[in-house]
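Enquirer: sequence and predicted structure below; questions after.
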Amino acid sequence: MQAMIGKMARMYPVLIAMGFMIVVIALFVGYANAQTAADYFAHSKELRETTLMVQRASFEGVGLWLPYFKFLGLGLILGGIVMALRVIIDNLKAAGNEVLSKLPSEKRPRSPASPWFGPVMPMVMMAGELTFVVALIVSLGLARTAAQVFAHPVPEIDAAGAGTPLLAQVQAIVTSSAWLVPFKFLGVATEFLAIAMGLATIIFILGAQTELLETGIRIARGEQASARHPEAPTHGPAA
């Protein structure tokens, strides 16, 4: 499992590039949505509320899913950073093992195991990515509901009574939007937690390898001293 994750981690530039592309696409979509909203509010209130329902449904729906699309791009960038840290960790381990391999096998110190949070780091990152995906899927569903709601004139929406399907849809949009906002920030916090775990793992490995190198240097110096001053041969009694 860890070997497979290590191979996938080397694709971190792809994750970062994909995340940046999503953010750029969101920028253009947001600009187009702003133009739709500007055209909508260029008309009188009466005309907006009774005739321009298509434009209202369009920018209201996009406004619901676009923030979560942007956060998915941000999450991919942060995920790429986590995978880059994993590559650094693997390279540090490989460099340490290569140095230790120069020592005699019988005197070679054992390479220390990674801290428990090192192998867990990629899973934490994936949990953050899953959070962004779930938030985007839910927001797309809300956008579809908003398209149905704002297909009605505003006076009809305002006059919707208790228990009507129209009011239930409005309630779903408002309540879901309320919990989706902290939910997406949970994803951001999870990604930063994975980054912190990766940095802590690097600090641990650097500290452990410094001690190992000092041990290896002492062993190597002892070997050199033994080679320069071999023990004198033992002679029997003179005849």
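Expert: Yep, it's here. Numbers count the residues shown, from 1 in each chain.

Enquirer: which residues in this structure form helices?
Expert: Assigned helices in the chain, in chain order: 2-9, 12-40, 45-50, 53-100, 117-149, 154-158, 165-228 (criterion: DSSP state H).

Enquirer: need those helices in TSV with distance to residue 111, mean neighbour count and mean pLDDT, can you?
Expert: Where C-beta positions appear, they are placed from N, C-alpha and C, glycine not excepted. As requested, the helices of the chain are exported to TSV (distance: least, Cβ to Cβ, whole Å; neighbours: other Cβ atoms under 10 Å; pLDDT from 0 to 100):
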stretch	distance to residue 111	mean neighbour count	mean pLDDT
helix 2-9	15	13	78
helix 12-40	24	15	95
helix 45-50	69	13	83
helix 53-100	6	19	90
helix 117-149	13	19	93
helix 154-158	66	14	83
helix 165-228	7	15	85
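
Enquirer: and the residue nearest the centre of the chain, what is it in contact with?
Expert: Compute the mean C-alpha point of the chain, and by Cα atoms, centre = their mean the closest residue is residue 79, 3.0 Å away. Residue 79 sits next to 15, 19, 125-126, 128-129, 191, 194 when contact means Cβ atoms under 8 Å, 6 or more residues apart in numbering.

Enquirer: do residue 37 as well
Expert: For residue 37, the contact set (Cβ under 8 Å, 6+ apart) comprises 55, 59.

Enquirer: got it, and the one 10 residues further on?
Expert: The neighbours of residue 47, taking Cβ under 8 Å, 6+ apart as the test, come to nothing; the list is empty.

Enquirer: next one: it from residue 40, what distance?
Expert: From residue 47 over to residue 40 the distance is 10 Å, taken as Cβ to Cβ, to the nearest Å.

Enquirer: same deal with residue 50?
Expert: Relative to residue 40, and taking Cβ to Cβ, residue 50 is found at 13 Å.

Enquirer: now do residue 149
Expert: Look at residue 149 and residue 40: by Cβ to Cβ, they are 16 Å apart.

Enquirer: one more: residue 200?
Expert: For residue 200 relative to residue 40 (Cβ to Cβ), the value is 50 Å.

Enquirer: hang on, the earlier thing: export the contacts of residue 79 to CSV and tack on distance to residue 163?
Expert: CSV is the format used below for these (distance: Cβ to Cβ, whole Å):
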residue, distance to residue 163
15, 47
19, 44
125, 44
126, 42
128, 39
129, 39
191, 42
194, 45
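
Enquirer: tell me the pLDDT at residue 232?
Expert: On pLDDT, residue 232 comes in at 49.

Enquirer: numbering from 36 from now on, please.
Expert: Got it, the first residue is 36 from now on, which makes the last one we talked about residue 267.

Enquirer: so what's residue 95 up against?
Expert: Counting by Cβ under 8 Å, 6+ apart, residue 95 touches 181, 185.

Enquirer: likewise residue 115?
Expert: Residue 115 makes contact with 47-51, 54, according to Cβ under 8 Å, 6+ apart.
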